[in-house]
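Visitor: dropping a prediction and its sequence here:
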Amino acid sequence: MIDRRPEWKQASPRAQLVVTLMALEGHHSNMVDGIISPQAVHGENHGTLHLGAGAAPPPAGLHLGRAMMTLDAFLEDRLASGRWPLNAYVKERGFSSLYVRLSQRHILGETRTHVLDIANVEAKKPGAGAFTSLVKRLQLERPELGLFVECVLNVGFRQKLLALGFQHVGHEADLTPSYWLPPLKKS
């Protein structure tokens, strides 16, 4: 978003980013009036973004402070609408951090749609079964989704993925291999 008004140049980079993301999503902010209030930049309710009176809320899935969608809400919304963004940090029981994206991938000679990429994962208690529970739940509730875990650094986690039925994809010599679990049901 290019704005040549002096107010835009004085706005913090965070405020500029938020207003730009909102514009891409089709929302309007109080930048239309040439004003960004301190509340727009910092928020008043611990992670809630305020853009002033009459401003639209930030796009769903936008990770600002503590405001995060659950994985179920993210999947429900994005699978139904296909709207941007198709990636987000999401809340999920047992995880302190979970970053996912919906994608299409060319895996094992076939183009796969309805793929949930798990790009970054950190369990609250490693080894306590949070990831196993997540995989089993997704297979039960979303059998049309294939699961792709990318760039796995932890050797023990690589072994766990294989035990869960994931296949190693890519070259055997990859230092950060990725793993694929096909959907239980064709979409």
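Guide: Yes, it's here.
Visitor: C-alpha from now on. contacts and neighbour counts both.
Guide: Noted.
Visitor: surely residue 112 is within a helix?
Guide: No. When classified by DSSP: H, G, I helix; E, B strand; the rest coil, residue 112 is found to be strand rather than part of a helix.
Visitor: these two touch, right, it and residue 105?
Guide: Yes. Assessed by CA atoms under 8 Å, residue 112 is found in contact with residue 105 at 5.2 Å.
Visitor: what number of residues lie near residue 102?
Guide: Residues lying near residue 102 (other CA atoms under 10 Å) number 24.
Visitor: and the one 3 residues further on, by the same measure?
Guide: When neighbours are defined as other CA under 10 Å, residue 105 has 17 of them.
Visitor: tell me the domain boundaries of this protein?
Guide: As given by automatic domain parsing, the domain ranges for the chain are 1-62, 69-181.
Visitor: mind telling me which of those the model trusts least?
Guide: Of all the domains of the chain, mean pLDDT reaches its minimum on domain 1-62 (a mean of 46).
Visitor: which residue ranges of the chain form helices?
Guide: 6-10, 13-25, 38-42, 71-81, 130-141, 155-163 (DSSP state H).
Visitor: how far does stretch 174-186 stretch from start to finish?
Guide: Start-to-end span of stretch 174-186 (CA to CA, to the nearest Å) is 29 Å.
Visitor: list the buried residues for that stretch?
Guide: Applying a neighbour-count criterion of 16 or more other CA atoms under 10 Å, one finds 177-183 buried in stretch 174-186.
Visitor: so of those, which ones are in strands?
Guide: The strands, defined by DSSP state E, take in 178-181 from those.
Visitor: save those residues as TSV, and put in distance to residue 83 too.
Guide: Output for those, formatted as TSV (distance: CA to CA, whole Å):
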residue	distance to residue 83
178	26
179	26
180	24
181	25
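Visitor: wait, residue 168 touches residue 180, no?
Guide: Yes. Using CA under 8 Å, residue 168 is in contact with residue 180, at 6.5 Å.
Visitor: could you pull up phi and psi at the closest residue to residue 178 other than its chain neighbours?
Guide: Leaving out its chain neighbours, the residue that sits closest to residue 178 by CA to CA, 6 or more residues apart in numbering is residue 150, at 4.3 Å. Main-chain torsions, residue 150, degrees, to the nearest 10: phi -100, psi 150.
Visitor: let me see the contact set for residue 150.
Guide: Residue 150 is in contact with 117-119, 176-179, counting by CA atoms under 8 Å, 6 or more residues apart in numbering.
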